[in-house]
Structures are given as structure tokens and as C-alpha cells.
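1. Below is the sequence, then the predicted model.
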Amino acid sequence: MSASSFKTNYSLFLPSYSVGADCYREIETVVKPYGRRAVVIGGKTAMEKAKDALLEGVAGTSVEITGFVWYGGNATYENIERIRAEKCVQEADMVFAVGGGRAVDACKVYCDQEHKPIFTFPTIASNCAAVTSLSVMYREDDSLAGYYYLRRPPLHCFINTRIIAEAPEELLWAGIGDALSKGCEVQLAARGADLFHTVAMGAALSHCCTEPLVRCGAKALEDCRAKIASYELQEIALDIIISTGLVSNMTTGTNGEYYYNSSIAHCIYNGSTVIPSVVQNHRHGAIVAFGVLCLLTYDGQMEERDRIMKFSRSIGLPITMEEIGLRKEDLPALAEKGSTVTEWKCTPYPMDKEKLINAILECSAAGEAMKAV
């Protein structure tokens, strides 16, 4: 949507958040206006890790947790129907969505459909799903089903840095990889566009997403390995969950009428969903991190590509096709699938499948050369 075609009336809903090792103490203060009964829905491991802290957080308050429900293991519409059938979910005043991106995305869709208040409790810092008004949906075979646009994002996000520090380092590592995409993708998608206020604000905020990762990423990973809820870990968690999430909310239309939220890096990830050996064996953020380097190659930003490639290599993110199990013979299928997704049109120029394939090959060759030094 350009400045010349904007809607005269529109609403932007932004999430609020609490952060810190003891932030669950704020639960009652935040959720009290929305009722008393809360059901926890999330991943099995996530609920196990957060259960004691959640129960402690609501102890002695007016908030009652009435049940813990597994979300089903993937953000599919079939799992949402299973969630809907649970009696304790139906009777709850609100949902506490606990876990990673897919668990939260499934809960968000259910709550949007049922007009039920949702509060998020990320147990890992691997993406911005906990604060966005967009859910990435999958089919039962794990292929991409598409995007679900919510009326508004979750009401509030509780980022318990102690729980995040105790999560596997690999998940924070993948989160850094995913967050690396926000700045370059939004800036590419918005380049040359006549942006109205909200999108322009989101595009400006996207410039704040990359540098904290480069500056604090290695130390945050070191602290996560040691289970320390440090300043650097908190900065990275806020960057991954909040900074990128706010950008997403400002650059995505509530009905998909405009979309500047991502671009070529996610074309590559979404294209890879048709290659089981890639998506089943490698983290989303790892694939996206390689996609970032391919985007910068495709767009001719070689100096920035080499800078980010050096950082990625320093923390073990993939800089070659081989590191994500991608073969040359896979690239036509990846490009074909990538050309069908929303991000294919999120560039200031027409995309070309052959050029994308060549950019991936060129990027991987540059990565091999860097590794050889």
C-alpha cells in the first residue's frame, strides 16, 4: 500500500511485554482485566519447563490456571480443531500460549477465531511469533500451508529470561539466524515504495534489528551455554522477539493488503519446504540465515554480505548450501516453490528463478572460499 492508496481509517495494535528473570510476577497485574480462568496451551517440553514458574507466578492471585493442553506438535488447522474440542479450553477466559513459534502460532489462530484473549510466554528466543499478528501455518506433511492474518497480535508477552537461558543454545542460535533477516528483507521490500506512516515507521525500526545481533550474539550464546540470564542474552531475546515482531506488525496489513515484512531470504526458506532433507534436518533460522546471504548476493550487496557471512561463520550459522543439506539439483524445485509465495513479489524489481538459483550458487561458493581461508 502506497501513500496514494492508503485507507483513511485503520487501526494498528501493538503488543506490550514484560521481561526479566522474575517477570511472571506481573501476570495478575496484566491479565486481570480479561478474566480469572487461564488455560495453558503449548509444547510438551515448553510447558514442562515453564509450569512451576507459571504456577508460582499466579499463586495467591485471582488468576487460576485450569489446565495444561498440548497444542499438537505443529501449527496446522487440524491441531487447532483438536485444541477447540478441549473442554478446559472452551471454558477458559483466556489462553496462555507457551513455547516456540509453531505452538504460539496455533494458539493465536484459535484465539483469533474464538475472540479469546491471548497472552504469550515464549520459552525460547527463536522468532517473533509471540508478538505478531501473523501465523505461519503448515499442512500435516509439514509443507507450508500459508499465512493467517490475525485481527491483532497477542495482548502481552512475558519474556522470562531465566527460562530462555535454560533452553538449548541451538534454539537461541537459530533465533539469531532468523532475526538476521528482518533488517535486510524489510529494507529490500520497502525500497523505492511510497510508504505511509505505519509502514515507514516499521521500515525505520528494521534498521535496529541487525546490529544488536552482531554485537551481542556470540556472548549471548556463551551465556546461554552457561545458563546465565545475562544482559547480552536479554538484549538478544528482545531483539529476536520484540524488535523484529514490532517491525512485522507495522509492515504487514491485517488482511494481507500490504506486505513488506520479508523477502528473498524467506522465499528461499519457503522454497526449501518441498525438500524434506533440508527442512527436516535443519532449523528454520539456520536456513533463513543462509537465505540472508543469498538475498544480499542477489541484490548485489557484496560488502554487507561478506560482513554478515563473517559473523555467521563466527557463531556457526551456515554459509554454504552443504551446511543445510541443499544440493544443486534441488535448486529448480526450491525456486519453483519460492516463486509461488508472498515474498516473491516483495522486491523493488521482478524476481527471476534462474537468477535466484545463480545467486544461491554464487553465495555458497563465496562461503566455501571463506571457510578455506
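-> Perfect, I can see it now. Note that the coordinates shown come from a computational prediction; the quantities given were computed from them, not determined experimentally.

2. Every contact and neighbour count from this point should use C-alpha atoms.
-> OK.

3. Surely L295 and A265 touch.
-> Yes - using CA atoms under 8 Å, L295 is in contact with A265, at 5.7 Å.

4. give me every residue that touches M309.
-> Taking CA atoms under 8 Å, 6 or more residues apart in numbering as the criterion, M309 is in contact with 293, 319, 367.

5. name the element it belongs to?
-> Element membership of M309, judged by DSSP states H and E, is helix 302-315.

6. Now the element after that helix, going C-ward?
-> Immediately after helix 302-315, counting by DSSP H and E, sits helix 331-338.

7. got a winner among the contacts of M309 for most neighbours?
-> L293 (34 neighbours; other CA atoms under 10 Å).

8. Can you check what pLDDT the model gives that residue?
-> We have a pLDDT of 99 for L293.

9. how far out from the middle of the chain is the helix holding M309?
-> Centroid separation between helix 302-315 and its chain, computed with CA atoms, centre = their mean, to the nearest Å, is 21 Å.

10. Going by neighbour count, list what's buried in it.
-> Neighbour counts over helix 302-315 (16 or more other CA atoms under 10 Å) mark 305-306, 308-312, 315 as buried.

11. would you list those residues in a markdown table and tack on pLDDT and distance to P332?
-> Converted to a markdown table, the buried residues of helix 302-315 look like this (pLDDT from 0 to 100; distance: CA to CA, whole Å):
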| residue | pLDDT | distance to P332 |
| --- | --- | --- |
| R305 | 98 | 23 |
| D306 | 98 | 25 |
| I308 | 99 | 26 |
| M309 | 99 | 24 |
| K310 | 99 | 28 |
| F311 | 99 | 29 |
| S312 | 99 | 26 |
| I315 | 99 | 30 |
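
12. From the residues you listed, pick the one nearest L54.
-> I315 (32.4 Å; CA to CA).

13. and the closest residue to that closest one other than its chain neighbours, how many residues sit next to it?
-> Leaving aside its sequence neighbours, I315 sits nearest to A218 (CA to CA, 6 or more residues apart in numbering; 6.3 Å). Using other CA under 10 Å, A218 has 21 other residues around it.

14. which stretch of helix or strand covers A218?
-> helix 210-225.

15. Not counting sequence-adjacent ones, nearest residue to D330?
-> I275 is the one closest to D330 (CA to CA, 6+ apart), at 7.3 Å.

16. distance of the one you found from V292?
-> 19 Å (CA to CA, to the nearest Å).

17. and the angle for the helix holding M309 with helix 210-225?
-> Angle of helix 302-315 versus helix 210-225, following axes from the mean of the first three to the mean of the last three CA atoms, to 10 degrees, is 10 degrees.

18. still on that earlier bit, compare I275 and V292 (neighbour count), which wins?
-> Higher neighbour count among I275 and V292: V292, with 32 against 18, using other CA under 10 Å.

19. which element is the more buried one on?
-> Assigned by DSSP H and E, V292 falls in helix 284-298.
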